[in-house]
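*Asks:* Fold the following for me, if possible:
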Amino acid sequence: MSSYLIRRLLLLIPTLLGITAVCFTLIQFVPGGPVEELISRVRAQSSMEGGGGSTTQQQITEEEIENIQAYYGFDKPAITRYFEWLGKVVKFDLGASYFYEEPVWDVIKSKFPISLFFGLVSFVLSYSICIPLGLYKAIWNRSRFDLYSSIMIFAGYIIPGYALGILLIIFFSGGSYLDWFPLGGIVSDNYESMGFWEGTFDFLHHMCLPLICFMAGEFAFLTMLMKNSLLEEIRKEYVRTAMFKGAGFQRAIWKHALRNALIPLATRMSEIFTLMFTSALLIEKVFDIDGMGLLVYNSILSRDYNVVLGVILISSVLALLGRLFSDMLYIVIDPRIKFN
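*Replies:* Numbering: from 1, shown residues only. A predicted model of the protein is given here:
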């Protein structure tokens, strides 16, 4: 087992090199860049200061453009810039953001707490509800409860999270029907003046509707995955054999079938390490939440390559560690599984 862990950890290095190399190469083919963005902003500003005349558009000389390229390091070949970036990464330095003009670490740290909250809470709630719900649906398969709950689950699954968010705002926040929840944001304007418990309630009050949207698709998938996985195990011979030897139906499920039925869900649990990077952009836009989704989107639009590469690197490391964590869960669920 230890040799397997060592091999998997050593494989992280070439895998990350491959991911970052491919992403860095693709970025080079994206039209525009931080240099072009800065030049466009300078020219637009000079045009406004000059009253919009056409002559004010040509105030940046070729020498100034070359100086800007040298400042950002774009006067060097792409391969050189890539290895320079890797050299900084080894020292835990992701460089500076072109757009925010701050270290990439600081930019990411300012955005991920709220995304981590949504990811972690939706993850815990989804598994806490979906596993017993899927278990109950499998035991009472084709019952009225199974039928009605499946209709509601699939209704939530087919509606995109952002569309569900719009509907929730219309019916529960807009005032046209009910005014139970805030329209958006994560706290009220007077949050700073609130006490601890009042501020906590205000924060949770703002989080209710976005959490429903974040959970909707994953909730339906996990519930049906649990149900179908358990139904498949119930139909196998070892469950029938256990019941034939005197074990009741409930005992056969809890002691034998349930453990094997959880294995497919263990694969999904690898996402626990990438929770802060799974925020949905459109849901954040609907509820005016400044999280990781908007950060990545704005960084791509502004050609903020260092932020994009930083997010890709961190999320890739966590995703690979999540896969390793998932393998360990297999062993916890079923000790018969061995990795060589």
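*Asks:* From here on, just use CA atoms for contacts and neighbour counts.
*Replies:* OK.
*Asks:* So which helix or strand of this structure has the lowest pLDDT on average?
*Replies:* Here the helix or strand of the chain ranked lowest by mean pLDDT, DSSP states H and E is helix 34-49, holding a mean of 68.
*Asks:* Can you list the helices and strands that the helix or strand just after that one packs against?
*Replies:* Going down the chain from helix 34-49, the next helix or strand is helix 62-72, by DSSP states H and E. If you count contacts as 3 or more CA pairs under 8 Å, 6 or more residues apart in numbering; DSSP states H and E, helix 62-72 packs onto helix 34-49.
*Asks:* next one: phi and psi at Ala96?
*Replies:* Backbone geometry at Ala96, expressed as degrees, to the nearest 10, gives phi -110, psi 150.
*Asks:* need the contact list for it.
*Replies:* Contacts for Ala96 (CA atoms under 8 Å, 6 or more residues apart in numbering) come out as 102-104, 306-307.
*Asks:* which of those residues tops the neighbour count?
*Replies:* Using other CA atoms under 10 Å as the neighbour criterion, Val307 leads the contacts of Ala96 with 27 neighbours.
*Asks:* can I assume it sits in a helix?
*Replies:* Yes: remark: Val307 belongs to a helix, assigned using DSSP: H, G, I helix; E, B strand; the rest coil.
*Asks:* how much space between it and Thr200?
*Replies:* 31 Å (CA to CA, to the nearest Å).
*Asks:* again, but for Ala155
*Replies:* Note on Ala155: its distance to Thr200, by CA to CA, is 32 Å.
*Asks:* Next: Gly322.
*Replies:* Gly322 is 31 Å from Thr200, by CA to CA.
*Asks:* try Lys227
*Replies:* Using CA to CA, Lys227 is found at 36 Å from Thr200.
*Asks:* Residues touching stretch 241-255, excluding its own?
*Replies:* 234, 239.
*Asks:* do the same with stretch 294-313
*Replies:* With CA under 8 Å, 6+ apart, stretch 294-313 has contacts from 16, 20, 23-24, 27, 32-34, 37, 94-99, 104, 107-108, 111, 281, 284-285.
*Asks:* With stretch 8-17 instead?
*Replies:* 313, 316-317, 320, 324.
*Asks:* from the chain's centre, how far out does whichever strand or helix holds Leu295 sit?
*Replies:* In this assignment (DSSP H and E), Leu295 forms part of helix 292-301. In terms of CA atoms, centre = their mean, to the nearest Å, the gap separating the centre of helix 292-301 from the centre of its chain is 13 Å.
*Asks:* Residue numbering should commence at 59 henceforth.
*Replies:* All set: I'll call the first residue 59, so the last point we hit is now helix 350-359.
*Asks:* Pull out the buried residues from that helix.
*Replies:* Buried residues in helix 350-359, counted by 16 or more other CA atoms under 10 Å: 350-354, 357-358.
*Asks:* And stretch 121-138, by the same measure?
*Replies:* For stretch 121-138, by 16+ other CA under 10 Å, it's 126-127, 132.
*Asks:* I'd like the distance from it to the chain centre, please.
*Replies:* 33 Å.
*Asks:* same check, this time on stretch 182-191
*Replies:* 19 Å.
*Asks:* contacting residues around that stretch?
*Replies:* Under CA under 8 Å, 6+ apart, the answer for stretch 182-191 is 273, 276-278, 280-281, 284.
*Asks:* who does the lengthiest helix in the chain touch, helix- and strand-wise?
*Replies:* Identified as the longest helix of the chain according to DSSP state H is helix 254-292. Where contact means 3+ CA pairs under 8 Å, 6+ apart, helix 254-292 is packed against helix 162-197, helix 202-216, helix 219-230, helix 316-319, helix 321-326, helix 339-344.
*Asks:* mind redoing it with 6 Å?
*Replies:* The helices and strands touching helix 254-292, judged by 3 or more CA pairs under 6 Å, 6 or more residues apart in numbering; DSSP states H and E, are helix 162-197, helix 202-216.
*Asks:* Between Gly380 and Thr258, tell me which one has more neighbours.
*Replies:* Gly380 (20 against 13).
*Asks:* for the more buried one, helix, strand, or coil?
*Replies:* Following three-state DSSP, Gly380 is assigned to helix.
*Asks:* Isn't it up against Ser328?
*Replies:* Yes: taking contacts as CA atoms under 6 Å, Gly380 lies within contact range of Ser328: 4.1 Å.
*Asks:* Since that was my last question, I'll sign off now.
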